[in-house]
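Novice: build me a model from this:
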Amino acid sequence: MIRTLRAPFRPVTYSRWLHLCVPLLLLALWMFIEPAWPWMPLLIVVPFAFVPWVRLAEGLQAQFLLTPRDREAEDSGISTAPSARWADRWRTLVWLETRLVVAGAAWLATVWLPVMAVELIAVALGHPLTSDPAIPFVPPRWAAALLVPVPVVVLLVVVALLGDLITAIARRLLGPSAAERLTALEARTEQLLERTRIARELHDSIGHALTVAVVQAGAARAAKDPEFTDRALNAIEETGRAALEDLERVLLVLRESAQPPSQRPTLVEADRLLESARASGAAVDAELNGSLEKLPGPVSREGYRILQEALTNVLRHSGPVPVRVRVDMGHGRLVLEVSNPLPEGPLFMTGSGSGLRGIKERAALLGGEAETGPHEGGWRVRARLPLERMH
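Specialist: A predicted model of the protein is given here:
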């Protein structure tokens, strides 16, 4: 009830009224051609309903006039896609027929009720009426003056109710089909996966660079050796430059959705990570077996990030300790293992654990598995990635 009272003050009431009046153009045109057959427009619109682009045009018009606020929020519930299946075409046909019927009701109210208000004004002023008045009876002059606002109020109520009715029908008949909803859901899922991948890329590359920089800066300050400080600054510079390159790759993905993933770093560039860890003071014992350049692209790229996060984890939590790195390609899978001793004192730094979780997520996306945790008195990250399914 309150919503109905507020209807005259809502702009959407009048935009919906305009939407109801649009089909009247067809009705008015036909009445000039053959007024004896007022139902003929119901047959005229039938062939148009099976034209795919008619559904798109009706959807756009409904969004602009029936749900302008929801359209801005991209949640109007009305599709703006052409008919792709026969079910969409039949729904469009029902929509066109229903729209004509509701428009006819709106036309009667729009014409008849204002005429009643004018005739009541005429009666209140003492003017005679025509031989075929719109009001059912002629009231006294004082009563006619009091009844003048009634047709106007009834018109606003009818327009508001018909506007709500046609909007509900539009959402039902012009709403996304099951196939369109599935397509939208898939697109949304792809978007969320891409955002997750970008967040993981930023975490791994920038987190690694910042960890190396912090370790190097702390070690240089503690050493108080100009030569060591110079080496530390060089390592920070190289790591920062590599991080900027990784950041640029990620930003390219954000700016251009067609950015090829092949430009992301791969295990062929693993030496860059090993040298960065060595420059941070870690004694890295690395053994890389197999032709890494022949690895499938997804395995090589995700393997690089796993190795990067594993080394970052060592520097962040244990500091510059001895690290053993083994990368073995063979028997249909890639095995990547990073192990290090645990420090006797408190952890060097603390973290949220998202990096280790990201390692497991990367392995799982490729159909592999990853293990992280204590092993033989130290800490080990071990990932096994299948190769066959990636070719």
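Novice: chain center to stretch 90-109: distance?
Specialist: Distance, stretch centre to chain centre, for stretch 90-109: 34 Å (C-alpha atoms, centre = their mean, to the nearest Å).
Novice: dump it to CSV, restricted to CA.
Specialist: In CSV, the C-alpha atoms belonging to stretch 90-109 read as follows (Å, rounded to 0.1, in the frame of the first residue of the first chain):
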residue,chain,number,x,y,z
TRP,A,90,8.4,-19.0,-28.1
ARG,A,91,8.9,-17.1,-24.9
THR,A,92,9.4,-14.0,-27.0
LEU,A,93,6.1,-14.7,-28.8
VAL,A,94,4.2,-15.0,-25.5
TRP,A,95,5.9,-11.8,-24.3
LEU,A,96,4.8,-9.8,-27.4
GLU,A,97,1.2,-11.0,-27.1
THR,A,98,1.1,-10.3,-23.4
ARG,A,99,2.6,-6.9,-23.9
LEU,A,100,-0.1,-6.0,-26.3
VAL,A,101,-2.8,-7.1,-24.0
VAL,A,102,-1.4,-5.2,-21.0
ALA,A,103,-0.8,-2.2,-23.2
GLY,A,104,-4.5,-2.3,-24.3
ALA,A,105,-5.5,-2.2,-20.6
ALA,A,106,-3.1,0.7,-20.0
TRP,A,107,-4.6,2.5,-23.0
LEU,A,108,-8.1,2.2,-21.8
ALA,A,109,-7.1,3.5,-18.4
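Novice: buried residues, it. List them.
Specialist: 91-93, 95-100, 102-104, 106-107, 109 (16 or more other C-beta atoms under 10 Å). Heads up, the C-betas are built off the backbone N, CA and C, glycines and all.
Novice: in helices, which of the residues you listed fall?
Specialist: Judged by DSSP state H, the buried residues of stretch 90-109 include 91-93, 95-100, 102-104, 106-107, 109 as members of helices.
Novice: my read: residue 231 touches residue 280, true?
Specialist: No: counting by C-beta atoms under 8 Å, residue 280 is not a contact partner of residue 231; they are 10.4 Å apart.
Novice: okay, the two: which has more neighbours?
Specialist: residue 280 (25 against 17; other C-beta atoms under 10 Å).
Novice: and the gap between that one and residue 338?
Specialist: Using C-beta to C-beta, to the nearest Å, one obtains 14 Å as the distance from residue 280 to residue 338.
Novice: ok, residue 312 next?
Specialist: Counting by C-beta to C-beta, the separation of residue 312 from residue 338 is 10 Å.
Novice: quick one: contacts for residue 332?
Specialist: By C-beta atoms under 8 Å, 6 or more residues apart in numbering, the contact list for residue 332 reads 386, 387, 388.
Novice: the same query, at a cut-off of 6 Å, please.
Specialist: Residues in contact with residue 332 (C-beta atoms under 6 Å, 6 or more residues apart in numbering) are 387, 388.
Novice: quick one, helices of the stretch 51-200 of the chain?
Specialist: 52-65, 68-72, 86-125, 141-147, 149-173, 178-223 (DSSP state H, counting those that start in this stretch).
Novice: of all these, which lies closest to residue 305?
Specialist: helix 178-223 (4.9 Å; C-beta to C-beta).
Novice: number of nearby residues for the nearest residue to residue 65 once chain neighbours are set aside?
Specialist: What sits nearest to residue 65 in space, not counting adjacent residues and going by C-beta to C-beta, 6 or more residues apart in numbering, is residue 19, at 3.9 Å. Close neighbours of residue 19, defined as other C-beta under 10 Å, add up to 23.
Novice: give me the element residue 19 is part of.
Specialist: For residue 19, the enclosing helix or strand under DSSP states H and E is helix 11-21.
Novice: for that helix, name the packing helices and strands.
Specialist: Under the contact criterion of 3 or more C-beta pairs under 6 Å, 6 or more residues apart in numbering; DSSP states H and E, helix 11-21 touches helix 52-65, helix 149-173.
Novice: run the angle between the longest one and helix 11-21 for me.
Specialist: Read that as helix 149-173. 80 degrees (axes from the mean of the first three to the mean of the last three C-alpha atoms, to 10 degrees).
Novice: again with the shortest one
Specialist: Relative orientation of helix 52-65 and helix 11-21, computed by the same axes, to 10 degrees: 150 degrees.
Novice: pull the residues that contact helix 52-65.
Specialist: So helix 52-65 is in contact with 15, 18-19, 48, 71, 76, 78-80, 82-83, 92, 170, 174, going by C-beta under 6 Å, 6+ apart.
Novice: repeat for stretch 13-23
Specialist: When contacts are defined by C-beta under 6 Å, 6+ apart, stretch 13-23 is touched by residues 7, 65, 66, 99, 100, 103, 106, 159, 160, 163.
Novice: biggest separation within these, which pair?
Specialist: 7 and 100 (23.4 Å).
Novice: need the helices and strands packed on helix 11-21 in CSV (columns: distance to residue 361).
Specialist: CSV is the format used below for these (distance: least, C-beta to C-beta, whole Å):
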stretch, distance to residue 361
helix 52-65, 38
helix 149-173, 38
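Novice: nearest to residue 196, of the ones you listed?
Specialist: Using C-beta to C-beta, the nearest of these to residue 196 is helix 52-65, at 31.0 Å.
Novice: what pLDDT is listed against the closest residue to residue 77 other than its chain neighbours?
Specialist: Spatial nearest neighbour of residue 77, excluding adjacent residues (C-beta to C-beta, 6+ apart): residue 171 at 4.2 Å. Residue 171 carries a pLDDT value of 89.
Novice: sounds good, over and out.
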